[in-house]
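**Q** From the sequence below, what's the structure:
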Amino acid sequence: MDSWAALSTCSGVRGLIALNSNDTYYLEPIRGLDSLHHSLVSADDLPIRGGTCGHGHQTGHPNLLSGLLKPLHQRVRDTHRHQQTQTHHDARRLCCVVVQFYRALNIRVPLIGLEVWKERDECIITEEPNTTLWSFLQWRQKLKSRKKHDNAQLLTGVIFKGTTIGMAPLEGMCSLENSGGINVDHSDLPIGAAATMAHEIGHNFGMSHDHEGCCVEATAEQGGCVMAAATGHPFPRVFSRCSKLDLDNYFQKGGGMCLFNMPDMKDLVGGKRCGNGFVEDGEECDCGEPEECSNDCCNANNCSLKAEAQCAHGVCCEGCKLKQAGTMCRGPAGACDLPEYCTGGSPYCPSNVYLLDGSSCQYGHAYCYNGMCLTHEQQCLQLWGYGARPAHDACFQDVNAAGNAFGNCGKDGQGNYMKCEKRFDDAKCGKIQCHSAAKKPKGTNAVSIDTTIRTDGMEVKCRGTYVYTTQDGQGDLPDPGLVMTGTKCGEGKVCRDRRCQNASFTELEGCIARCHGHGVCNSNGNCHCNRGWAPPFCEKLGLGGSVDSGPVQYHSELTFTHMLLPGIHDAPYQSSHVSWAWCWVFCLSSWFSYLGSSSPSTAIRSRAPTTTSGSPRETRTTRLTGNLQSLAAPL
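**A** Next up is the predicted model:
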């Protein structure tokens with residue numbers, strides 16, 4: 001990882017200075033002296049409390065500008081006896097560190113919102129992380145109407161049960177229901193919580209916990225990697241090769257569609273400034289500080305274009321000149337995505353659009369949801385590997401009617417497992433049941449829950465997945481063995497909130513009618529016309545595309561199959577997309593107090609499942625398989 005610094009000049013200079021992945025230092029003013037006197041401490045000596053992520057371990061899951069919105073819980077501010085202004089400064093320093101973590105992946109994370117909840121909590125915040133996460137994510141859905149953002153992270157001073165210090169849904173980025181996470185402010189310094197937040201955002205990006213052999217970039221003594229299941233002392237600073245692979249896989253299958261679009265830089269917390277890497281009002285370009293700028297088209301001193309340059313940034317800019325109109329700048333990623341083309345007048349690719357939710361995919365067996373085609377087949381392949389497929393419907397109905405850790409429709413607000421109702425299609429939205437010849441599911445902590453049932457005179461084997469956590473009494477949330485939100489569970493129905501619910505496709509039906517049978521509908525509700533027909537309504541001859549996609553030139557389609565966007569700054573990880581994640585950090589007044597350091601040696605406690613009683617179908621047996629000896633080893 002290249003050298004970097006994340007510093008604040010409020011009340012003296014403080015922050016991180018990283019020389020490389022192994023040598024990092026923390027600079028801060030010396031208490032009791034004037035702002036000119038500072039101490040420089042090795043990051044290895046910082047008091048960081050250890051802990052674990054509440055997410056289960058799973059591998060096999062498959063970047064962009066992400067606008068972050070961050071709420072701060074009241075207890076953060078009260079327990080540290082900070083003034084609100086100081087709380088904002090601390091939160092922004094935390095976000096600066098998160099930004100630096102993700103720059104190594106070519107992902108930009110501008111902070112576009114910061115809230116401090118002073119009078120009351122806007123969502124339920126308890127010691128139960130499952131309840132807190134779901135309540136926060138429900139609150140975030142309401143927030144979207146008043147503040148546009150891609151991802152929201154809650155920072156709280158409430159200490160969760162067990163060793164959990166953070167939790168977030170896997171592959172939740174851009175999803176209305178799941179794009180966010182919760183984080184405990186477990187350190188006197190913002191660095192500890194920043195590492196946790198980077199970890200939870202990583203889950204939203206589809207990154208699983210690192211398994212053995214993943215983190216070759218840093219030893220445990222150097223802090224390990226960001227996506228380790230447990231964090232201790234010192235804090236992690238780099239992403240592993242496995243995390244990078246997960247990230248690529250996530251985008252290649254259509255994840256993170258919202259992140260291709262530029263956020264409104266007027267919302268950037270901290271105000272505009274030449275040298276921050278974001279092109280704002282009054283700037284023609286911004287390549288960062290003069291010391292780091294490597295852009296041949298931009299004057300770093302005043303953020304203006306150099307002589308003869310037409311542009312400096314963007315995938316539609318090459319050699320300081322705008323690319324020809326009709327050049328494909330973003331190819332379709334997955335079955336539910338649509339291509340975009342340079343306009344000839346802007347250096348940036350048009351905003352990303354994809355098939356409207358409800359559009360048919362996978363030969364009519366699935367619906368597009370947030371730009372992804374989600375199927376039971378795909379999820380079985382992710383969990384079990386090659387050759388896996390969904391089990392008989394009777395497996396879903398029988399196993400998920402148990403309402404225990406091995407068969408359920410998720411958890412209620414108290415953290416108790418819920419039964420799936422047999423008389424509805426809810427069972428297809430609970431624990432996924434597969435057929436597979438593999439010995440066990442993919443992932444270090446994953447074990448197989450094998451159940452044999454008899455139906456229609458035949459014996460059927462059902463294979464579910466259970467992922468052990470690193471803490472007593474805490475289940476995974478979300479459980480990677482649960483069917484994903486947006487998966488088709490019946491005709492005109494999709495899984496939502498662990499129920500098979502009617503999906504309203506009114507907008508889709510109206511749009512299709514306007515396209516005259518010669519196109520599909522994009523996520524803006526506009527027609528994307530087939531080749532030979534012209535937008536906006538595909539009733540006249542033309543080249544195809546939509547009013548959103550940019551003009552089409554077909555020779556360009558022969559050039560690319562999948563475009564990975566280059567970053568604004570050169571970064572060591574060049575295979576990822578440019579991520580613009582708009583994060584809203586909700587700093588829920590959590591503790592900024594010193595909680596002491598610890599080096600956790602948590603063990604995964606394995607429990608053998610009890611055999612459940614038979615269903616009306618005749619007989620049922622349940623068997624747990626997996627390497628339980630390895631599961632009992634410290635993380």
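
**Q** Name the residues of the longest helix along the chain that come out as buried.
**A** Criterion DSSP state H: the longest helix present in the chain is helix 84-103. Neighbour-count burial for helix 84-103, counted by 16 or more other CB atoms under 10 Å, picks out 87-103. For every residue, glycine as well, the C-beta is placed using N, CA and C.

**Q** And for stretch 148-166?
**A** Applying 16+ other CB under 10 Å to stretch 148-166 flags 148-166 as buried.

**Q** Strands - which of these land there?
**A** The strands, defined by DSSP state E, take in Asn151, Ala152, Gln153, Leu154, Leu155, Thr156, Thr164, Ile165, Gly166 from the buried residues of stretch 148-166.

**Q** Grab the two from those residues that are most spread out in space.
**A** Asn151 and Thr164 (19.9 Å; CB to CB).

**Q** just how off-centre is stretch 418-426 within its chain?
**A** Computed by CA atoms, centre = their mean, to the nearest Å, the separation of stretch 418-426 from the middle of its chain amounts to 29 Å.

**Q** swap that for stretch 535-545, please
**A** 36 Å.

**Q** For it, C-alpha coordinates in CSV please.
**A** What follows is stretch 535-545, C-alpha atoms only, in CSV (Å, rounded to 0.1, in the frame of the first residue of the first chain):
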residue,chain,number,x,y,z
PRO,A,535,-35.6,6.2,-28.3
PRO,A,536,-37.6,7.5,-26.6
PHE,A,537,-40.5,5.1,-27.5
CYS,A,538,-38.9,2.6,-29.9
GLU,A,539,-41.6,3.2,-32.6
LYS,A,540,-39.3,4.8,-35.1
LEU,A,541,-36.2,3.4,-36.9
GLY,A,542,-32.9,4.1,-35.2
LEU,A,543,-29.8,2.7,-33.6
GLY,A,544,-31.2,1.7,-30.2
GLY,A,545,-30.4,2.7,-26.7
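
**Q** Listing request: residues of the stretch 501-635 of the chain with sub-threshold pLDDT.
**A** 554-635 (pLDDT under 70).

**Q** one more time with 90
**A** Applying pLDDT under 90 to the stretch 501-635 of the chain flags the ranges 501-507, 509, 553-635.

**Q** Domains in the protein, by residue range?
**A** 47-259, 375-484, 507-548 (automatic domain parsing).

**Q** Any idea how far apart the tips of the last one sit?
**A** Read it as domain 507-548. 17 Å (CA to CA, to the nearest Å).

**Q** Repeat that for stretch 282-298.
**A** Length of stretch 282-298, first residue to last, CA to CA: 14 Å.

**Q** How about residues contacting that stretch?
**A** 272, 274-280, 299-301, 303-306, 309, 311-313, 317, 320, 568-570 (CB atoms under 8 Å, 6 or more residues apart in numbering).

**Q** Sitting in helices, which of the residues you listed do you find?
**A** Per DSSP H, the subset of these in helices is empty.

**Q** Quick check: phi and psi on Ala513?
**A** phi -60, psi -30 (degrees, to the nearest 10).

**Q** Compute the distance between it and Pro535, please.
**A** Going from Ala513 to Pro535 by CB to CB, to the nearest Å gives 16 Å.

**Q** Who has more neighbours out of those two?
**A** Pro535 (22 against 10; other CB atoms under 10 Å).

**Q** Cys495 is in contact with Met484, correct?
**A** Yes: under the criterion of CB atoms under 8 Å, Met484 makes contact with Cys495 at 7.1 Å.

**Q** Just the pLDDT at Asp90, thanks.
**A** On the pLDDT scale, Asp90 is placed at 77.

**Q** wait, Leu477
**A** 47.

**Q** how about Cys215, what does it touch?
**A** Gly224, Cys225, Ala228, Ser240, Cys242.

**Q** got it, and Phe101?
**A** So Phe101 contacts Ala194, Ala195, Ala198, Val226, Arg237, Phe239 (CB under 8 Å, 6+ apart).

**Q** can you check Lys144 too?
**A** Counted by CB under 8 Å, 6+ apart, Lys144 has contacts Leu176.

**Q** Next, find the distance separating it from Asn404.
**A** Lys144 is 35 Å from Asn404, where distance means CB to CB.

**Q** Could you do Val520 as well?
**A** Where Asn404 is concerned, Val520 sits at a distance of 43 Å (CB to CB).

**Q** same question, Cys329
**A** According to CB to CB, Cys329 and Asn404 sit 50 Å apart.

**Q** Same question for Ser240.
**A** For Ser240, the distance to Asn404 - CB to CB - is 34 Å.

**Q** repeat for Gln362
**A** 31 Å.

**Q** got it, and Gly457?
**A** Gly457 is 27 Å from Asn404, by CB to CB.

**Q** Looking at the two, which has the bigger crowd around it?
**A** Asn404 (16 against 6).
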